[in-house]
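In: Predicted model and sequence below, questions to follow.
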Amino acid sequence: MAKIRVAIVGVGNCASSLVQGLEYYRGANDTEVTGLMHPLVGNWSVTDIEVVCAFDIDRRKVGKPIEQAIFAKPNCTTVFQAALPVSNVIVQMGPILDGIADHMADYPDDAAFRPADKEPVDVVQALKESRADVLICYLPVGSEKAVRHYAEACLAAKVAMVNCVPVFIASDPVWAARFREAGVPIVGDDIKSQVGATIVHRTLSRLFNDRGVSLDRTYQLNTGGNTDFLNMLQMSRLKSKKESKTESVQSQLDTRLDARNIHIGPSDYVPWQNDNKVAFIRMEGRGFGDVPMNLELRLSVEDSPNSAGVVIDALRCAKLGLERGEGGPLEAPSSYFMKHPPVQLRDSVARDVCNAFIGAGPARIAPDTVWGDAATKATGAARPRTALILAAGRGSRLFPNTSLPKPLAQVHGLTLAEWVVRTLRDSIDIKRFVVSIGHEAETVRSHFRSVANRSGVEVEFVTAPDWTKGNGASALAATEALGDEPFVLTMCDHLYDHALPLRLVRGAPEAGHMLLAADYDKSNLLDIDDVTKVKTDALDIAAINKALDVWDCSDTGVMYCTSGLFDGLREAAKDGDHGLSAGLAKLAAQGRAHVVDVTGCWWLDVDTAEARLMAERYLADRLRSIG
């Protein structure tokens, strides 16, 4: 298999750890490698990565082979692999722009940057000549102009980018659109460490919320003695870094802290610490009875090796994006590897969606119940054994600025996909799921496999070639997979409690008929224009459409069907209408479509950011904590 050809911008401590690691792991077992989250990504191991191009501005590094430059001052990270093979990769002079803070001149040579007296090379030409696949950006914090210069070069040279610094490129909608239009993948922004201050702080913040502890205030103070901390003594360069780290922690809280109650950021430069970073975290909260509690933690790590393994994963995911022809931010890997990604997720969910992107789900874990105990399951009901999940849509209203598939949207710690699977499994004992996929099909497929694996259910897939025409086309794609057996049909973006499917399946539909779970309470509808409205005649559907002026109840997006559903969908398709409601209308005209009253059951169409927030609030109030 061809190597992944990597360009490095900024041959500092982080680059030193990365290059050392590429040699250190050479010949290691591909399935058991300490220090790596993914020994294999696609078919690439660590040994399939080679550095082919490097840029810096320091006179002690420019013009030197990279295997020498990574050990030059002011680098001060741990040397764990001193012997490196001879390469022909010579560090080239990059543009300085805003890459050096003014105060660096006030510090000793061994601690600070010293610019070379050379003209910068043409970065685009250098990338093309080296045939680089992925560029890793390790520039200093605050190098806004310099990072954008290299981002422009990636676009021009069609080289994927891994942005390890808090200059917002992947998470900026304008830049994201430019990478998407150019067909160039990017993973960003601001790399997380394996076990660093931010990931620990995020995890503890989530723990407080999940265990019912109210977090009132918190700080994270960091000290270090490398050039990163020296650079950040200039406060004007810290704005994006503080935003990145603060938002990373805030994103894990159900209720954001007031700005005065959260302080996260570099605190001081201590020269003798070198590349050792020490983080002090304090969290103050209230538990049962509003009794106060507090937590204090001290974390000491070698800063640069702590991120190198994450970068190795990120660059391999960027190469996967290139291989698949995916342009723009790779939201799933970015959510797991970066502090300030385009889409913030809980780390457990981010890991899952990243594994889904890679195409290998996490190890199997025992299934658990998240809505209630097994006593709530249907007993003696006319239960189907299969559910059809419509998961082919784009979800542009929920994720207007990204390509993240809607089934992977997170609500209260689980994705929409996982909520639907677990709800039907735990309420009416569904064990077989047929999933109709379309947009970002492979990512959705991998995620559902992961969900099925740990939920103890079976899953199979049908691809809807005409999914863009409507959800009726997505349902029709499952005709052969479902055959003549009755099944529950559910939208992937509709959440509901256990009571709704329990009530729906108390009676089975006649052969060729279908039953729609209908809600007669109109008082809590979020977006009345988007509601599918139903006019009934007793328990029969008389009309169904979003544009009805006179109507009785709402379509909850859950129904109990026979193969007769496909008759109605085919008839509607002949008229050029590929909506699910159009198919139901055809059956209704033949007296074959009916309603089951589920008024009083909770349900919500999670189609917008507002609906997602409502779902978060409901689940936080009603469901037990999910670890």
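Out: That came through fine.
In: tell me the contacts of the nearest residue to residue 138 once chain neighbours are set aside?
Out: Nearest non-adjacent residue to residue 138, counting by Cβ to Cβ, 6 or more residues apart in numbering: residue 10, 3.5 Å away. C-beta: built from backbone N, CA, C; applies to glycine. Counting by Cβ atoms under 8 Å, 6 or more residues apart in numbering, residue 10 makes contact with 55, 56, 137, 138, 139, 140.
In: and what of residue 117?
Out: Residue 117 neighbours (Cβ under 8 Å, 6+ apart): residue 59.
In: how far does stretch 497-510 stretch from start to finish?
Out: 25 Å (Cα to Cα, to the nearest Å).
In: Please report how far the residue nearest to residue 116 when sequence neighbours are not counted lies from residue 93.
Out: Leaving aside its sequence neighbours, residue 116 sits nearest to residue 59 (Cβ to Cβ, 6+ apart; 3.8 Å). The spacing between residue 59 and residue 93, counted by Cβ to Cβ, to the nearest Å, is 9 Å.
In: Report the set of residues contacting both of the two.
Out: With Cβ under 8 Å, 6+ apart as the test, residue 59 and residue 93 both reach residue 116.
In: what secondary structure does the spatially most central residue of the chain sit in?
Out: Centroid-nearest residue in the chain: residue 332, 3.5 Å away (criterion: Cα atoms, centre = their mean). Of the three states, residue 332 takes helix under DSSP: H, G, I helix; E, B strand; the rest coil.
In: so it sits right up against residue 359, yeah?
Out: No. Contact criterion Cβ atoms under 8 Å: residue 332 and residue 359 do not qualify, at 11.0 Å.
In: how about the helices in the stretch 1-150 of the chain?
Out: 13-24, 66-69, 123-130, 144-157 (DSSP state H, counting those that start in this stretch).
In: Between those, which one is closest to residue 569.
Out: Set against residue 569 and scored by Cβ to Cβ, the helices of the stretch 1-150 of the chain come closest in helix 144-157, at 43.4 Å.
In: Could you check how far stretch 205-215 is from the centre of its chain?
Out: How far stretch 205-215 lies from its chain's middle: 22 Å, per Cα atoms, centre = their mean, to the nearest Å.
In: Now do the same for residue 473: helix, strand or coil?
Out: At residue 473, secondary structure determined by three-state DSSP is helix.
In: thinking again about what came up before, identify, from the contacts of residue 10, the entry nearest to residue 155.
Out: Residue 155 lies nearest to residue 137 out of the contacts of residue 10, by Cβ to Cβ, at 13.3 Å.
In: Can you name the residues that contact that closest one?
Out: 9, 10, 147, 150, 151, 161, 162, 163, 164, 165.
In: give me that answer again for 7 Å
Out: Taking Cβ atoms under 7 Å, 6 or more residues apart in numbering, we find residue 137 in contact with 9, 147, 150, 161, 162, 163, 164, 165.
In: One more: residue 169?
Out: 147, 151, 163, 175, 186, 188, 189 are the contacts of residue 169 under Cβ under 7 Å, 6+ apart.
In: Run through the helices of the stretch 201-350 of the chain in chain order.
Out: 227-231, 239-250, 305-324, 331-337, 347-358.
In: Run a quick neighbour tally on the closest residue to residue 51 other than its chain neighbours.
Out: Take residue 51 and drop its neighbours on the chain: the residue closest to it by Cβ to Cβ, 6+ apart is residue 6, 5.2 Å away. By the criterion of other Cβ atoms under 10 Å, residue 6 has 29 neighbours.
In: Tell me the bridge partners for residue 6.
Out: Per DSSP bridges, the residues bridged to residue 6 are residue 51, residue 134.
In: And it, how far from residue 479?
Out: Distance of residue 6 to residue 479, given as Cβ to Cβ: 47 Å.
In: How about residue 61?
Out: Distance from residue 61 to residue 479, by Cβ to Cβ: 63 Å.
In: Could you do residue 609 as well?
Out: Looking at residue 609 against residue 479, where the rule is Cβ to Cβ, the gap reads 34 Å.
In: buried ones in stretch 436-443?
Out: 436, 437, 438, 439, 440, 441, 443 (16 or more other Cβ atoms under 10 Å).
In: Mind checking which of the residues you listed land in helices?
Out: Among the buried residues of stretch 436-443, the ones falling in helices (DSSP state H) are 441, 443.
In: any chance of the buried residues of stretch 436-443 in CSV, with pLDDT and distance to residue 198 too?
Out: Shown next, in CSV, are the buried residues of stretch 436-443 (pLDDT from 0 to 100; distance: Cβ to Cβ, whole Å):
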residue, pLDDT, distance to residue 198
436, 96, 38
437, 95, 34
438, 93, 36
439, 89, 31
440, 86, 28
441, 88, 33
443, 85, 26
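In: For residue 197, state which of the buried residues of stretch 436-443 is nearest.
Out: Nearest to residue 197 among the buried residues of stretch 436-443: residue 443, at 30.2 Å, using Cβ to Cβ.
In: That closest one and residue 404 touch, don't they?
Out: No. Between residue 443 and residue 404 there is no contact under Cβ atoms under 7 Å: 8.4 Å.
In: Touching both of those two, which residues are there?
Out: residue 332.
In: ok, residue 61 and residue 479, which is more surrounded?
Out: residue 61 (29 against 14).
In: Setting the sequence-adjacent residues aside, check what's closest to that one.
Out: Leaving out its chain neighbours, the residue that sits closest to residue 61 by Cβ to Cβ, 6+ apart is residue 69, at 4.0 Å.
In: try residue 56
Out: residue 11 (4.4 Å).
In: Quick one: residues contacting the one you found.
Out: Per Cβ under 7 Å, 6+ apart, neighbours of residue 11: 54, 56, 61, 66, 69, 70, 91.
In: Write down the beta-bridge partners of residue 281, one by one.
Out: On the basis of DSSP bridges, residue 281 is bridged to residue 220, residue 297.
In: any low-confidence regions in this structure?
Out: Scanning the chain with the threshold set as pLDDT under 70 gives 1, 29-32, 360-382, 396-403, 621-627.
In: try 50
Out: By pLDDT under 50, the low-scoring segments of the chain are 360-381, 624-627.
In: quick one: which of the contacts of residue 137 is nearest residue 618?
Out: With Cβ to Cβ as the yardstick, the closest approach to residue 618 among those comes from residue 163, at 36.1 Å.
In: What values do phi and psi take at the nearest residue to the closest one once chain neighbours are set aside?
Out: Nearest residue to residue 163, sequence neighbours excluded (Cβ to Cβ, 6+ apart): residue 188, at 3.3 Å. Backbone torsions of residue 188, given as degrees, to the nearest 10, read phi -170, psi 170.
In: Residue 188 against residue 172, yeah?
Out: No. Taking contacts as Cβ under 7 Å, residue 188 lies outside contact range of residue 172: 9.3 Å.
In: So those two - more neighbours on which side?
Out: Neighbours were counted for residue 188 and for residue 172 using other Cβ under 10 Å; residue 188 has more, 35 against 20.
In: Check the gap between that one and residue 352 for me.
Out: Distance from residue 188 to residue 352, by Cβ to Cβ: 20 Å.
In: Could I get the contacting residues of the closest residue to residue 89 other than its chain neighbours?
Out: Residue nearest to residue 89 in three dimensions, not counting chain neighbours: residue 66, with 4.6 Å by Cβ to Cβ, 6+ apart. Counting by Cβ under 7 Å, 6+ apart, residue 66 touches 11, 19, 51, 54, 87, 89, 91.
In: Residue 104: which of those is nearest?
Out: residue 11 (16.2 Å).
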